[in-house]
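*Asks:* sequence first, then the predicted structure, then my questions.
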Amino acid sequence: MTADVIDGKAFAAGIREKVAGHVARLSEEHGIVPGLAVVLLGEDPASQVYVRSKGKMTREVGMKSIEHRLDAGTSEEELLSLIAELNADREVHGILVQLPLPGHLNSEAVIDAIDPAKDVDGFHISNVGKLATGQAAMVPCTPLGCLMMLREQLGDLSGLDAVVIGRSNIVGKPMAQLLLRDSCTVTVAHSRTKDLPEVAKRADIVVAAVGRPKMVTGDWIKPGATVIDVGINRVDGGLVGDCDYDSCAAVAGAITPVPGGVGPMTIACLLANTVTACCRAHGLAEPEGLTA
Ligand SMILES: Nc1nc(=O)c2c([nH]1)NC[C@@H]1CN(c3ccc(C(=O)N[C@@H](CCC(=O)O)C(=O)O)cc3)C=[N+]21
């Protein structure tokens, strides 16, 4: 068997097109332009590339992009005061503080200073709680993108066995919540899980988000299962996922490539969340097909 390749790049382009449609309507009918503010501390080259590409795509869909590049040595007080300004700015509907932050800063305090209604990353404790209790939340972009691809590939997810490998706050935990909400039977596995290959092999859906290059191999995959590879590992100047693509693709029913899978979906969902936040802020109907 050779797996279907889930084309995240094409899927993401389709979502950005939908976002652009909503943005055009907001502007024509209400005179509103959604705005996304991105805050980057320091000069990490990968982060710079990523922030530049976010800015470009934000403008391409017709939204306003506001970029704040601060020195790596910026104090927590200065950063919190910038966040307070962005919280109060009516032209800013979404705020993203690029992670990881330099070590002298307390990321929890910084994230929880963001107005939850503008928290387009979905990392604020209030959004985490809302997701876990089934209330309307801002949903983290990477898991949201994974869920959209799974629904597109499989239709109804109800009753399927899903194994999420990785328990981070930004991917593993919210991914598990979303799959549970779609009525999957969810297992959250991680580096200490006993017999991890056997656990993975029970799954109809495997989401790999551990940050270890090519850790998941084909012998971990049930024939026909759907494999979502969240890993973005830089190895020898190239990008590789958490899955060993060739051996997994030989067994799986469908698989996301790296690059061109989850990554582009993450950015598309960031733009989708910004439109959603903008509509909610103005008491307008939420865009359909762009939320979980
Ligand atoms: N507050 C915050 N929110 C984030 O969502 C966030 C963050 N901080 N910090 C960094 C990580 C990383 N991340 C990526 C998103 C898209 C690609 C992406 O589009 N990747 C392309 C390849 C890009 C390349 O070639 O380097 C792909 O997989 O096809 C990669 C990485 C979001 N992050």
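*Replies:* That came in fine, so what should we check first?

*Asks:* where are the low-confidence patches of the stretch 51-200 of the chain?
*Replies:* Within the stretch 51-200 of the chain, no range satisfies pLDDT under 70.

*Asks:* who in it is up against the ligand?
*Replies:* By the rule C-beta under 6 Å from any ligand atom, the part of the stretch 51-200 of the chain lying against the ligand is 96, 97, 98, 99, 121, 141. C-betas here are computed from N, CA, C, even on glycine.

*Asks:* what about the fourth one, neighbour count?
*Replies:* Spelled out, that is residue 99. 13 (other C-beta atoms under 10 Å).

*Asks:* need the contact list for it.
*Replies:* Shown in contact with residue 99 (C-beta atoms under 8 Å, 6 or more residues apart in numbering): 107, 170.

*Asks:* name the element it belongs to?
*Replies:* In this structure, residue 99 is located outside every helix and strand according to DSSP states H and E.

*Asks:* residue 40 should be in a helix, yeah?
*Replies:* No - Residue 40 is assigned strand when assessed by DSSP: H, G, I helix; E, B strand; the rest coil, not a helix.

*Asks:* so it bridges to which residues?
*Replies:* Residues in a beta bridge with residue 40, per DSSP bridges, are residue 69.

*Asks:* right, and it touches residue 71 too?
*Replies:* No - counting by C-beta atoms under 8 Å, residue 40 does not reach residue 71; the two are 10.6 Å apart.

*Asks:* more crowded one of these two?
*Replies:* Of the pair residue 40 and residue 71, residue 40 is the one with more neighbours under other C-beta under 10 Å, namely 20 against 11.

*Asks:* ok, the more buried one to residue 238 distance?
*Replies:* As judged by C-beta to C-beta, to the nearest Å, residue 40 and residue 238 stand 24 Å apart.

*Asks:* what do you get for residue 13?
*Replies:* 23 Å.

*Asks:* and those two? which has more neighbours close in?
*Replies:* residue 13 (13 against 9).

*Asks:* just give the closest residue to the residue of the chain at minimum distance from the ligand, not the sequence neighbours.
*Replies:* Nearest residue of the chain to the ligand (C-beta to the nearest ligand atom) works out as residue 263 at 2.2 Å. Closest residue in space to residue 263, ignoring its immediate chain neighbours: residue 232 at 6.1 Å, by C-beta to C-beta, 6 or more residues apart in numbering.

*Asks:* just checking, the one you found touches residue 258?
*Replies:* Yes - counting by C-beta under 8 Å, residue 232 touches residue 258, with 6.6 Å between them.

*Asks:* what's the overlap in contacts for these two?
*Replies:* 239, 241.

*Asks:* more neighbours: those two, which one.
*Replies:* A side-by-side neighbour count of residue 232 and residue 258, using other C-beta under 10 Å, places residue 258 first with 23 against 20.

*Asks:* right, and the more buried one touches residue 229 too?
*Replies:* Yes - at 5.4 Å, residue 258 counts as touching residue 229 under the criterion of C-beta under 8 Å.

*Asks:* which residues touch the host helix or strand of residue 178?
*Replies:* Assigned by DSSP H and E, residue 178 falls within helix 172-181. Helix 172-181 has contacts (C-beta under 8 Å, 6+ apart) with 122, 128, 131-132, 134, 139-140, 142-144, 146-147, 157, 162, 164-167, 186, 188, 190, 205, 207, 209, 292.

*Asks:* ok, now with 7 Å
*Replies:* The set of residues external to helix 172-181 that reach it, using C-beta atoms under 7 Å, 6 or more residues apart in numbering, is 122, 131-132, 134, 139-140, 143, 146-147, 157, 162, 164, 166-167, 186, 188, 207, 209, 292.

*Asks:* cool, thanks, talk later.
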